[in-house]
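J.: Got a predicted structure plus its sequence, pasted below:
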Amino acid sequence: MMLGFKINNHRRHDFQDLILEHMNALYNFAWRLTGNKEQAEDLVQEAALRGFKHFGKYESGTNFKAWMMTILRNIFINQYRKTTREPNKVSYEVIEDFVSLPDPRSAEEEIFGEHVQGALDQLPEELRTVVNLFYVEGLSYKEIAGVMQCPIGTVMSRLHMARQTLKARLAGFAEKGELL
Amino acid sequence: MNEHDFRQNLQAYIDNEMPAGKRAEMDAFIATNPLYRLEVDRELDFSRLLRTYLIRQDAPYAVRESVIDRLGGGTNSLKTFLTGLNAWFRPVAVGFLVVAFMTSVLLSRSNAFPVFSESVNRHLECLKGVYAMEIRSANPQEVARWFGGKLDFSVQLPLFKNSEVELIGARLCHLKDRKAAFLTYEYHGRRISVFMIDSQDLKFPAARKIGDSAGATYVKSDRGYQSILCLNKKAGDIARVYVSDIAEEDLLAMLR
């Protein structure tokens, strides 16, 4: 029993170390999902508690961040989605012409950055999540498929669709003359 | 490989998600036509653009703190431990725990609060970028207002004799287990961290004392950084710790 007590404490410390290491990534993911600071905070806390409860199921050496993100997204889908703002749906028409995008070092980079964030926020949750996990969190297709519980092919098609939609949105921004 | 294969595999190629053999095949195909190269470059530019502009929102300090609190409090290990013991053994175990608790309290009381090493640790973490400021402002009033209600004491920002010392921002932090205000300043590109804690009941480690009519100032050097602990009677139990790599005499000369 004493041994069990020690193991419990070790487990908690191991989990705390891991969760703190990935706290920024988890919070960012929650914030992207909910679009709301308070809900993101609640979501991270709930995911952390659930993660600790099931920590025994986590396979040491595998990607802890991806494992926690799977838990966090499941909670979001089951509990938060209904009450969270769903961004305006966009049409997925694929644009053929690529419009030149601004030099990231230009003076307008801050304004442009806001437009990139805004364009991402307008995507449906599945596309927003795949972009965030790939470009911000650096997860592989396989890891994203694990988080989203879908085949790798679906990850690829969602990523493709998200990229094309973002291109179209940002190209529209460039055409309005707000850039360059 | 043909154009259809090229288009079908383009995204995996751009995203580095292609096996080495297939990648070499793509490379060879792209080299056959400059238009393919152009298309690849455009896609790479777009990926770079997304990575540049999609900014990560870091977790506020309060979330980290709350998660740790809830994990610590929620597991109820002690209760689980006691419940599992046989009834006859329970009083012995409880007695043992009481003695262990008393011993740990007595030991912790005899230990000095590691104010210097903890301050230098936080200062270094800030320099390494581990600790981002929760408020960035050069306005002392605004920063003081930001601390309102976050600590059990009122945060009065320090005054420097040298007007070139610029306030950068602030955040909450812990020095060991004690909650502290953490302010960061810059002087000609050199960073000065200021920590404020409630020093009630704290015993500080030995350090060189410098006479001061208004209170006491203690100086200690640790890992190449100067730490200056100021205990000012007028400020009640609030201790201030200044940490910087600025020379001790220069740093002392700046303080009011």
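T.: Received it, and whenever you're ready, just let me know what you need. Residues are numbered from 1 along each chain as shown, chains lettered A, B, ... in the order given.

J.: Let me know how buried B:Gly129 is, in neighbour terms.
T.: 7 (other Cβ atoms under 10 Å in any protein chain shown). All C-beta atoms are positioned from the backbone trio N, CA, C, and that covers glycine.

J.: And A:Arg50, by the same measure?
T.: By the criterion of other Cβ under 10 Å, A:Arg50 has 15 neighbours.

J.: May I ask which helix or strand of the chain has the lowest mean pLDDT?
T.: As the question left the chain open, I've gone with chain A. helix A:2-21 (a mean of 72; mean pLDDT, DSSP states H and E).

J.: Actually, chain B is the one I wanted.
T.: Going by mean pLDDT, DSSP H and E, chain B bottoms out at helix B:77-84, a mean of 47.

J.: what are the phi and psi values for whatever residue of the stretch 151-256 of chain B ends up closest to chain A?
T.: Closest residue of the stretch 151-256 of chain B to chain A, Cβ to the nearest Cβ: B:His174 (12.7 Å). Main-chain torsions, B:His174, degrees, to the nearest 10: phi -120, psi 140.

J.: For it, which residues are in contact?
T.: Applying Cβ atoms under 8 Å, 6 or more residues apart in numbering or on different chains, one finds that B:His174 lies in contact with B:Ala180.

J.: Show me the beta-bridge partners of it.
T.: The partner list for B:His174 in beta bridges (DSSP bridges) reads B:Lys179.

J.: how close does it get to B:Ser244?
T.: 20 Å (Cβ to Cβ, to the nearest Å).

J.: before we move on, what about B:Tyr131?
T.: B:Tyr131 sits 16 Å away from B:Ser244, going by Cβ to Cβ.

J.: Grab the longest helix from chain A for me.
T.: Assignment by DSSP state H gives helix A:152-175 as the longest helix of chain A.

J.: List the buried residues in it.
T.: Neighbour-count burial for helix A:152-175, counted by 16 or more other Cβ atoms under 10 Å in any protein chain shown, picks out A:154-156, A:158-163, A:165-171, A:173-174.

J.: out of B:Tyr131 and B:Ser244, which sits in the busier spot?
T.: B:Ser244 (22 against 18).

J.: For that one, give me its contacts.
T.: B:His123, B:Tyr187, B:Arg190, B:Arg191, B:Ile192, B:Ser193, B:Tyr225, B:Gln226, B:Leu251.

J.: Which positions are bridged to it in the beta structure?
T.: Applying DSSP bridges, one finds that B:Ser244 bridges with B:Ile192, B:Gln226.

J.: picking up where we left off before, restrict the buried residues of helix A:152-175 to those that also contact chain B, please.
T.: Checking the buried residues of helix A:152-175 against chain B by Cβ under 8 Å from any Cβ of the partner chain, the ones in range are A:Met156, A:Leu159, A:His160, A:Arg163, A:Leu166, A:Lys167.

J.: Closest one of those to B:Ala216?
T.: B:Ala216 lies nearest to A:Leu166 out of those, by Cβ to Cβ, at 59.9 Å.

J.: which one is that closest one nearest to, not counting chain neighbours?
T.: Closest residue to A:Leu166 apart from its sequence neighbours, by Cβ to Cβ, 6 or more residues apart in numbering or on different chains: A:Ala119 at 5.3 Å.

J.: Go ahead and confirm A:Ile19 touches B:Arg70.
T.: No - using Cβ atoms under 8 Å, A:Ile19 is not in contact with B:Arg70; the gap is 10.9 Å.

J.: Identify the contacts common to the two.
T.: Residues touching both A:Ile19 and B:Arg70 (Cβ under 8 Å, 6+ apart): A:Ala48.

J.: Compare those two (neighbour count), which wins?
T.: Neighbours around A:Ile19 and B:Arg70, counted as other Cβ under 10 Å, are more numerous at A:Ile19. The numbers are 23 against 15.

J.: In chain A, which residue sits nearest chain B?
T.: Of all residues in chain A, A:Tyr27 sits closest to chain B, at 3.4 Å by Cβ to the nearest Cβ.

J.: interface residues of the stretch 1-150 of chain B facing chain A?
T.: Residues of the stretch 1-150 of chain B lying near chain A (Cβ under 8 Å from any Cβ): B:11-12, B:15, B:17, B:42, B:45-60, B:62-64, B:66-68, B:70-72, B:74-75, B:77, B:80-81, B:84-85.

J.: mind listing which of those residues are in helices?
T.: Members of the residues of the stretch 1-150 of chain B next to chain A lying in helices (criterion: DSSP H): B:11-12, B:42, B:45-53, B:62-64, B:66-68, B:70-72, B:74, B:77, B:80-81, B:84.

J.: How many residues are close by B:Glu23?
T.: You called it Glu, but residue B:23 is Arg. 15.

J.: Surely it is in a helix?
T.: Yes - under DSSP: H, G, I helix; E, B strand; the rest coil, B:Arg23 falls within a helix.

J.: my guess is it meets B:Tyr13, correct?
T.: Yes - counting by Cβ under 8 Å, B:Arg23 sits close enough to B:Tyr13 to count as a contact (6.7 Å).

J.: Assign B:Ala138 to helix, strand or coil.
T.: Going by three-state DSSP: B:Ala138 is coil.

J.: List the contacts of it.
T.: Residues near B:Ala138 by Cβ under 8 Å, 6+ apart: B:Glu166, B:Leu167, B:Ile168.
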